[in-house]
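>>> Got a sequence here, can you model it:
(2 chains)
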Amino acid sequence: MKAFAAAVLPRILTVLEWISAILLFTMMMLTFVDVVGRYVFTAPVFGAAEMIQFLLAITIFAGLSLVNAHDDHIVVELFEPKLKRWLGPVHRYIVQGFSVFAMAFITWELTEFAIEAHQLGKMTIVLEWPLVAVAGSVAVLSAISLIAQILGLFLAEPDHAATDHASPL
Amino acid sequence: MTTALIGFAVLIALCFFGFRVGFATLIVGVIGFTLQRGPEAAFAMAGQQIMEDAMNYNLSVIPLFILMGVFIYRADVSRDLYDAAYSGLGRFRGGLALSTVVACAGFSAVCGSSLATAATMSKVAMPPMKRYAYSDSLATGTIASGGTLGIMIPPSVPLVIYGIVAEVDIGLLFMAGILPGLLLVGLFMGAVAVTVRLDPEAGPAGDPLPEEDKRRALRGVWPVIALFVLVLGGIYGSIFTPTEASGIGAFGAALIALSRGHLRKLSEWKDALVEATKTTASLFIVIFGALVFAQFINLSGMPYDLVFMVDEMNLTPYQLVMAIAVIAVLMGMIFESIGILLLLVPVFLPTLYQSGVDMIWFGIVVVVVTELGLITPPIGMNVFVVKSVIPQVLLGKIFRGAIPFIFAILVALVLVFVFPGLATWLPSILR
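Residues are numbered from 1 along each chain as shown, chains lettered A, B, ... in the order given. Here you go, the predicted model:
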């Protein structure tokens, strides 16, 4: 399994790195072009705010694989190092098992949301795009991030956790 | 109320154990909601909440301001900011530390992250302070503390998150952060002055900067000032929304980086964008979890029970905010800025509104308290960041060096309490 993870995970992450980079770049350019269009050419981008909403959702979940694969989540590091020493690998199994369970729950709920959006034929308000396009993409990316999380566990060093989990702010 | 308190206790226990904060808040929130409304409603609420947050237009300002900070970090403007400050302050005793504080303020004006400010200044300000034989504790304490200005001086990501949770105008919050930010700069400089007066060896005066370096530094600083004015001026002038301002800010920061010889390769762009995306994703997991948890807390009735409790205790708005500030200081020992904002604020929102507390002023109080948490043990994230960039200095020394600045932040907190106008005056002239 470790060899499989080592072969597959980097490829998944490379693709997702490019996807998330392109999405965030698009988000930046869209806001810029919208503002310039509005003030310089009196022609804002129609539905720009709604497009930014979709881009935000998809960017987050594209980036989530990159975070999950290396377990770069925010963690309280007060007692964790001591507990790890006391409990050894058991601590890691419990913590990572919980993270996988939570991520599976998120994926499940997002999939249900996407299915419902499809069944009810929900449309977005301004652009009138089918909501399932966004919700479905988010659900798929969430599922991929769950896979990346599980594969990442096979590659991570046992004491990897708690080295780089600071809040980014 | 009891259910909510048990929920908080379980959450803290899980976080102490090492469960990832975002996942722990989410699952505790869902279980708490399930106990009150059943699994079907709880699961539907969680899916709906996550999707709503992920597609919240107002929250899109977060990745874009993070991206702006990443571009500015990579633009290497910190050296010019430092040299420009040094050209004016370097000749005084403790001048290098004073310059560090001012450069941190300058960097904070285009970056909403404390950790990025501390990290970049560690690289730029530490070598000259080492050269002039500054004491390690003054040098590193100044950098760690100066970095905290990142979340007070706008743009500030924690202020954005507070604005969304408390439903306060982000533009007004940014405006409110300016005077307390400048006050903190002054107090931090005072802390340096007192330190070097007590121990003159700790921070000797520097030599004058060569004219050529001075000119280069000033040339490098003006685009940063222009970007700050453009982003904030745009928001205040209602020329664009905060989200648009963040997009323009990120674009402007990319141009600055380009003009300084960075971001010339596709791989550099990719790396910067990926870094911002990863930061965004890890933040949003906490946001999702905390807002699901907030749903459970709201359902438990705790926020409204608190309204009655505060009413019965006859607390004045000041006493109430002081009590919340104490809780926030305690929470700052466990959670980081986001945890405090997302877990504490929703609980007290109805009470604060009921008591007539100015929510802009309260936001500034919370951010000042959060700054305190960044340089005080046991967590002190800014101290850890400085330590990771300058590993040869002992952690205890950095914490010791931060002590004068902790006092400075406490003075700022008292001043913001005594003179709320420090936070509310600028927004009031714009309202």
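>>> From now on I want contacts and neighbour counts done on CA atoms only, so please keep to that.
OK.
>>> Whichever strand or helix holds residue A:14 and chain B, any residue contact?
Counting by DSSP states H and E, the element that carries residue A:14 is helix A:2-40. Yes. Residues of helix A:2-40 contacting chain B under CA under 8 Å from any CA of the partner chain: A:17-18, A:20-21, A:24-25, A:27-29, A:31-32, A:35.
>>> Quick check: nearest residue in space to residue B:303, chain neighbours excluded?
Excluding its sequence neighbours, the residue lying closest to residue B:303 (CA to CA, 6 or more residues apart in numbering or on different chains) is residue B:347, at 5.0 Å.
>>> for residue B:30, same thing?
The shortest distance from residue B:30 to any non-neighbouring residue, by CA to CA, 6+ apart, is to residue B:42 (5.7 Å).
>>> Could you dump the residues of helix A:2-40 next to chain B into JSON lines and include pLDDT and neighbour count?
Putting the residues of helix A:2-40 next to chain B into JSON lines (pLDDT from 0 to 100; neighbours: other CA atoms under 10 Å in any protein chain shown) gives the following:
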{"residue": "A:17", "pLDDT": "96", "neighbour count": "23"}
{"residue": "A:18", "pLDDT": "97", "neighbour count": "16"}
{"residue": "A:20", "pLDDT": "96", "neighbour count": "28"}
{"residue": "A:21", "pLDDT": "97", "neighbour count": "25"}
{"residue": "A:24", "pLDDT": "97", "neighbour count": "25"}
{"residue": "A:25", "pLDDT": "97", "neighbour count": "20"}
{"residue": "A:27", "pLDDT": "96", "neighbour count": "24"}
{"residue": "A:28", "pLDDT": "96", "neighbour count": "25"}
{"residue": "A:29", "pLDDT": "96", "neighbour count": "16"}
{"residue": "A:31", "pLDDT": "93", "neighbour count": "26"}
{"residue": "A:32", "pLDDT": "92", "neighbour count": "21"}
{"residue": "A:35", "pLDDT": "91", "neighbour count": "24"}
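>>> The residue nearest to residue B:30 against residue B:33, yeah?
Yes. Residue B:42 is in contact with residue B:33 according to CA atoms under 8 Å; the separation is 5.4 Å.
>>> More neighbours: which of these two?
residue B:33 (27 against 22; other CA atoms under 10 Å in any protein chain shown).
>>> Which pLDDT value goes with that one?
On the pLDDT scale, residue B:33 is placed at 96.
>>> and after the helix or strand harbouring residue B:348, which helix or strand comes next?
Using DSSP H and E, residue B:348 sits within helix B:337-354. Later in the chain than helix B:337-354, the nearest helix or strand by DSSP H and E is helix B:359-375.
>>> show me the contacts for residue B:369.
With contact set as CA atoms under 8 Å, 6 or more residues apart in numbering or on different chains, residue B:369 has these partners: B:325, B:328-329, B:332, B:413.
>>> list the contacts for the most centrally placed residue in chain B?
Closest to where the C-alpha atoms of chain B average out (CA atoms, centre = their mean) is residue B:151, at 2.5 Å. Residue B:151 sits next to A:169, B:108, B:112-114, B:157-159, B:367, B:371 when contact means CA under 8 Å, 6+ apart.
>>> Check the gap between it and residue A:45 for me.
32 Å (CA to CA, to the nearest Å).
>>> cool, and residue A:100?
To residue A:45, residue A:100 is 40 Å away according to CA to CA.
>>> The two: who's more crowded?
Higher neighbour count among residue A:100 and residue A:45: residue A:100, with 19 against 16, using other CA under 10 Å.
>>> And the pLDDT at that one?
Residue A:100 is assigned 97 on the pLDDT scale.
>>> Send me the helix holding residue B:348 as CSV with only the CA atoms.
Taking Å, rounded to 0.1, in the frame of the first residue of the first chain, the C-alpha atoms of helix B:337-354 are listed here in CSV:
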residue,chain,number,x,y,z
SER,B,337,-6.8,33.8,16.7
ILE,B,338,-9.3,32.0,14.6
GLY,B,339,-10.4,29.7,17.4
ILE,B,340,-11.0,32.7,19.7
LEU,B,341,-13.0,34.6,17.0
LEU,B,342,-15.1,31.7,15.8
LEU,B,343,-15.9,30.0,19.1
LEU,B,344,-16.2,33.0,21.5
VAL,B,345,-17.8,35.7,19.4
PRO,B,346,-21.0,33.8,18.4
VAL,B,347,-21.7,32.8,22.0
PHE,B,348,-21.8,36.4,23.2
LEU,B,349,-23.3,38.1,20.2
PRO,B,350,-26.8,38.4,21.5
THR,B,351,-25.6,39.6,24.9
LEU,B,352,-23.3,42.2,23.3
TYR,B,353,-26.1,43.5,21.1
GLN,B,354,-28.5,43.5,24.0
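>>> so what does it touch, helix or strand wise?
Helices and strands touching helix B:337-354, by 3 or more CA pairs under 8 Å, 6 or more residues apart in numbering or on different chains; DSSP states H and E, are helix B:157-166, helix B:266-300, helix B:302-313, helix B:317-332, helix B:359-375.
>>> Show me what the first one is packed up against.
Okay, so that is helix B:157-166. Other elements packing on helix B:157-166 under the criterion 3+ CA pairs under 8 Å, 6+ apart are helix B:61-74, helix B:170-198, helix B:337-354, helix B:359-375.
>>> The same query, at a cut-off of 7 Å, please.
Where contact means 3 or more CA pairs under 7 Å, 6 or more residues apart in numbering or on different chains; DSSP states H and E, helix B:157-166 is packed against helix B:170-198, helix B:337-354.
>>> how distant is it from the center of its chain?
Distance of helix B:157-166 from the chain centroid (CA atoms, centre = their mean, to the nearest Å) equals 11 Å.
>>> Now do the contacts for the closest residue to residue A:75 other than its chain neighbours.
Once flanking residues are discounted, residue A:75 sits nearest to residue B:20: 4.9 Å by CA to CA, 6+ apart. Shown in contact with residue B:20 (CA atoms under 7 Å, 6 or more residues apart in numbering or on different chains): A:73-75.
>>> and those as CSV, adding pLDDT and secondary structure?
Formatted as CSV, the contacts of residue B:20 follow (pLDDT from 0 to 100; DSSP: H, G, I helix; E, B strand; the rest coil):
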residue, pLDDT, secondary structure
A:73, 89, coil
A:74, 84, coil
A:75, 83, coil
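>>> Residue A:122: which of the residues you listed is nearest?
residue A:73 (32.9 Å; CA to CA).
>>> Next, count neighbours for the closest one.
Count around residue A:73 with other CA under 10 Å applied: 28.
>>> quick one, phi/psi of it?
Backbone geometry at residue A:73, expressed as degrees, to the nearest 10, gives phi -80, psi 160.
>>> pretty sure it contacts residue B:282?
Yes. Look at residue A:73 against residue B:282 with CA atoms under 7 Å: they come within range, at 5.6 Å.
>>> Please enumerate the shared neighbours of these two.
By CA under 7 Å, 6+ apart, the residues touching both residue A:73 and residue B:282 are residue A:67.
>>> Around chain A, pick out the residues from chain B.
Proximity of chain B to chain A (CA under 7 Å from any CA of the partner chain) is limited to residues B:15-21, B:23, B:27, B:43, B:47, B:54-57, B:60, B:64, B:113-115, B:244, B:247-248, B:250-251, B:270, B:273-274, B:277-282, B:334-336.
>>> so who does residue B:364 touch?
Contacts of residue B:364 by CA under 7 Å, 6+ apart are B:177, B:423.
>>> what residues does chain A put near chain B?
A:17, A:20-21, A:24, A:28, A:31-32, A:49, A:52-54, A:56-57, A:59-61, A:63-64, A:66-67, A:73-80, A:95, A:99, A:102, A:109-110, A:113, A:167-169.
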